[in-house]
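*Asks:* A structural model of the following input is requested.
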Amino acid sequence: MDVSYVGDFRIGFERRGAGPPLVLLHGAMSDSRSWRRQLEGLSDAFTVVAWDAPGCGASSDPPENFRLSDFADCLAEFIRKVGIERPHLLGHSFGSGLALEFYRRYPTVPRTLLLASAYAGWAGSLPPEEVEARVENARRQSHMPPQEVVAEWLPTLFSGAVPQEVVDETVAMISEFHPAGMRAMLNAFAEADLRDVLPTIEVPTLLLYGELDRRSPPKVARELDSKIRTSKLVVIPGAGHECNIEAPEAFNAEVRRFLSQYLD
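*Replies:* Numbering: from 1, shown residues only. The predicted structure follows:
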């Protein structure tokens, strides 16, 4: 684990490989460990950098009034600090919303966008009653013992039975969540409505979804695909929300196929 500093924030990150830069942005209740199979599987062709967002993993907690724009500004400074130029930006779930907000604020920086299990923010993709329910659940969970949080989250992440190794890794990440970081991410994403960004995107964009995703269902995928002129939608058969963990071979193959034209 490497460390960089953005202002007062300590940012932990993993860096592997050589080649065009590919920056990985994890979802909520997660950290850079969620990208292990991408760090291993794509670093032969790319410089793969996976950060721990503020409030996750080895990174410092943000204040609870941190918003998506603050996460995006922190990411921009992190990318500058670690010496990356024109990265391909791959986000999962919350990380996909962060990628969209980043594009809004820094449209000349990403070479491409790859959005997995993506939302245009919760407010931009979900009915208000669903957003309210998720907010209430997450606020309650942020004060619960980790094992109880794991029991509520785990069934929503995968399509069905997955290898015990996958379960163990996911349980470890959720168990080590930062309560303050969870609340900051929750508040930022619950109010985020990124629909206005979608038609402005001019870089090639890959949308990757699991066929059986219960958190970002097919309706959300179709909506984003209809609004982004440059998008290509790929659905991974049999996978759930954590499609990069549950179906890493298929996920990595689609990423590699999409980015193959940018390899030197």
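
*Asks:* Only C-alpha atoms from now on, for both contacts and neighbour counts.
*Replies:* OK.

*Asks:* Can you list the residue ranges for strands in the stretch 151-264 of the chain?
*Replies:* 205-210, 231-236 (DSSP state E, counting those that start in this stretch).

*Asks:* can you redo those strands as JSON lines with distance to G181, mean pLDDT and mean neighbour count?
*Replies:* Converted to JSON lines, these look like this (distance: least, Cα to Cα, whole Å; pLDDT from 0 to 100; neighbours: other Cα atoms under 10 Å):
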{"stretch": "strand 205-210", "distance to G181": "25", "mean pLDDT": "96", "mean neighbour count": "25"}
{"stretch": "strand 231-236", "distance to G181": "30", "mean pLDDT": "96", "mean neighbour count": "18"}
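
*Asks:* Quick one: the ones you listed as a markdown table, columns for distance to A151 too.
*Replies:* A markdown table is the format used below for these (distance: least, Cα to Cα, whole Å):
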| stretch | distance to A151 |
| --- | --- |
| strand 205-210 | 21 |
| strand 231-236 | 25 |
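
*Asks:* I79 is nearest to which of the ones you listed?
*Replies:* For I79, the closest of those is strand 205-210, at 19.7 Å, according to Cα to Cα.

*Asks:* could you say what helices and strands that closest one packs with?
*Replies:* Strand 205-210 is packed against strand 112-116, helix 218-227, strand 231-236, with contacts defined by 3 or more Cα pairs under 8 Å, 6 or more residues apart in numbering; DSSP states H and E.

*Asks:* And A161, how close does it get to P155?
*Replies:* According to Cα to Cα, to the nearest Å, A161 stands 10 Å off from P155.

*Asks:* same deal with M185?
*Replies:* In terms of Cα to Cα, M185 sits 21 Å off from P155.

*Asks:* Which of these two has more residues huddled nearby?
*Replies:* Counted by other Cα atoms under 10 Å, M185 and P155 do not tie: M185 has more neighbours, with 26 against 12.

*Asks:* What's opposite F9 in the beta bridge?
*Replies:* V6 (DSSP bridges).

*Asks:* now the helix or strand of the chain with the lowest mean pLDDT: how far from the chain's centre is it?
*Replies:* Ranked by mean pLDDT, DSSP states H and E, the helix or strand of the chain with the weakest confidence is helix 146-153, at a mean of 86. Counting by Cα atoms, centre = their mean, to the nearest Å, helix 146-153 is centred 20 Å from the centre of its parent chain.

*Asks:* how about it: buried residues?
*Replies:* Neighbour-count burial for helix 146-153 flags P146, V149, V150, W153 (criterion: 16 or more other Cα atoms under 10 Å).
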